[in-house]
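Asks: model the following, please.
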Amino acid sequence: MASTETTPVKDAGSVEAGLDALETTATGRPPFRKTFVDKILPPVIAIAVVLLVWQGLISLKIVDNPSKLPAPSAVAQAFKNDWLKGDLLGYIWTSVSRGLLGFFFALLIGTPLGLLVARVRFVRAAIGPILSGLQSLPSVAWVPPAVIWLGLNNSMMYAVILLGAVPSIANGLVSGVDQVPPLFLRAGRTMGATGLRGVWHVTLPAALPGYVAGMKQGWAFAWRSLMAAEIIANFPDLGVGLGQLLENARTASDMAMVFEAILLILFVGIAIDLLIFSPLERRVLRGRGLLVKS
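Replies: Residues are numbered from 1 along each chain as shown. Alright, predicted model coming up:
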C-alpha cells in the first residue's frame, strides 16, 4: 500500500523536474555564433548585395548619370563631409528629439483615449470610426492646416506627430482590450480590482500585446509624419532635421545628399524600432508564453 501511494508522488516529482529543466533550457541565452548567424549575418548580407548591385549599375554604365543615381562612394563622401563639418549628428538629433518627444505626448493622449473607446460603448460608436479614418489619412495632409493654425514652429511639428501617432496607439490599445479574456476581468472584480484599479492591474497588463503593437505602429506613423512636416515646412528657426536635409538636397539637385538623407531617415527609424520597441514586444510576448527563447 505504501509503495502504491509513493509512486504517483515520485512520478509527479519527475514530471516537475523535467518541466523545470525544459524551462531552464528554453530561457538560456543562445550562443553568440547562433545569434550572429540568425540575426546579424542576414541583414549584413542583404546590405552587401544592395551595395554590389548599386555599384554594378554604375560600373557597367547601366546608369551613367550621377544626377540620377550617384555612386556609393559619392554618398559616402557626403556622409564624410557632414561628419567633418560637425553637422551630421545635429541633423539626427534635431529630428530624433522631436520625434521621441512628440511620440511621448502621443502616448499620454492615445492611452486614455484608447481605454475610453474600448470600455465605453457610446464613445466607441462615436469616435471609433473617426480614429480608423484618421489612421488611414496620409500624415502629409495635416501639414498645411497645422502651419496655418500654429505657424512655422515646433508646435506645428508636434501637432502633426500627434495627429499621425495617436490614432494608431489608441486603436492598438482598443484591439488589445478586446482580446482580454472576460474571465480575467471577472476575477479582477472578485478580488476588488474595479475602476481605475482594475484598469491598472488587470486591463492594461492583459492588453499589453495589442498595446505594444499599437505603439510600434504609432512610432512608424510619428516618424513619417515628422519627416513630412520637416520637408514641407521650411523655416530657419526650426533648425535642420533629416527631412529638411532631404528638401535642401532636392533644391540643390545634389543626389548624393538626397541619398544621404534617405539613408539616415531609414537608419534612424529602424534603429529606434530595434532598440526600443522590438525588445519591448519580445519581452511582453515572452512573459505570456507566446515567444520562447531558443
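
Asks: switch to C-alpha atoms for all contacts and neighbour counts from now on
Replies: OK.

Asks: quick check: which ranges of the stretch 101-250 of the chain have low pLDDT?
Replies: For the stretch 101-250 of the chain, applying pLDDT under 70 flags the ranges 192-195, 198.

Asks: quick one: the helices in it?
Replies: Along the stretch 101-250 of the chain, counting by DSSP state H, counting those that start in this stretch, helices occupy 121-136, 143-150, 154-178, 182-190, 195-198, 204-206, 208-232, 242-251.

Asks: looking at these, which is closest to residue 84?
Replies: Nearest to residue 84, of all the helices of the stretch 101-250 of the chain, is helix 242-251, at 16.3 Å by C-alpha to C-alpha.

Asks: and the next helix or strand after the closest one, what's buried?
Replies: Next along the chain after helix 242-251, taking DSSP states H and E as the criterion, comes helix 255-272. Using 16 or more other C-alpha atoms under 10 Å as the burial criterion, the residues of helix 255-272 that qualify are 255-261, 264-265, 268-269, 272.

Asks: go through the helices of the stretch 101-250 of the chain and pick out the most buried.
Replies: Across these, averaging neighbours per residue (mean count of other C-alpha atoms under 10 Å) puts helix 154-178 on top, at a mean of 26.

Asks: now the angle between helix 208-232 and that helix, please.
Replies: 160 degrees (axes from the mean of the first three to the mean of the last three C-alpha atoms, to 10 degrees).

Asks: quick check: angle from helix 154-178 to helix 121-136?
Replies: 120 degrees.

Asks: tell me which strands and helices helix 154-178 is in contact with?
Replies: helix 88-119, helix 121-136, helix 143-150, helix 204-206, helix 208-232 (3 or more C-alpha pairs under 8 Å, 6 or more residues apart in numbering; DSSP states H and E).

Asks: distance to residue 177 for these - can I get that in JSON lines?
Replies: Formatted as JSON lines, the helices and strands packed on helix 154-178 follow (distance: least, C-alpha to C-alpha, whole Å):
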{"stretch": "helix 88-119", "distance to residue 177": "6"}
{"stretch": "helix 121-136", "distance to residue 177": "13"}
{"stretch": "helix 143-150", "distance to residue 177": "32"}
{"stretch": "helix 204-206", "distance to residue 177": "7"}
{"stretch": "helix 208-232", "distance to residue 177": "8"}
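
Asks: return the residues in contact with residue 225.
Replies: Applying C-alpha atoms under 8 Å, 6 or more residues apart in numbering to residue 225 gives the contacts 139-140, 160-161, 164.

Asks: what's the spacing between it and residue 75?
Replies: Distance of residue 225 to residue 75, computed by C-alpha to C-alpha, to the nearest Å: 25 Å.

Asks: repeat that for residue 284.
Replies: Here the criterion is C-alpha to C-alpha. By it, residue 284 lies 39 Å from residue 75.

Asks: looking at these two, which has the bigger crowd around it?
Replies: residue 75 (20 against 17; other C-alpha atoms under 10 Å).

Asks: ok, which of the helices and strands packed on helix 154-178 comes nearest residue 35?
Replies: With C-alpha to C-alpha as the measure, helix 208-232 is the member of these nearest residue 35 (23.3 Å).

Asks: how far is the closest one from where the chain is centred?
Replies: 6 Å (C-alpha atoms, centre = their mean, to the nearest Å).

Asks: now stretch 75-85
Replies: From the chain centre to the centre of stretch 75-85 is a distance of 28 Å (C-alpha atoms, centre = their mean).
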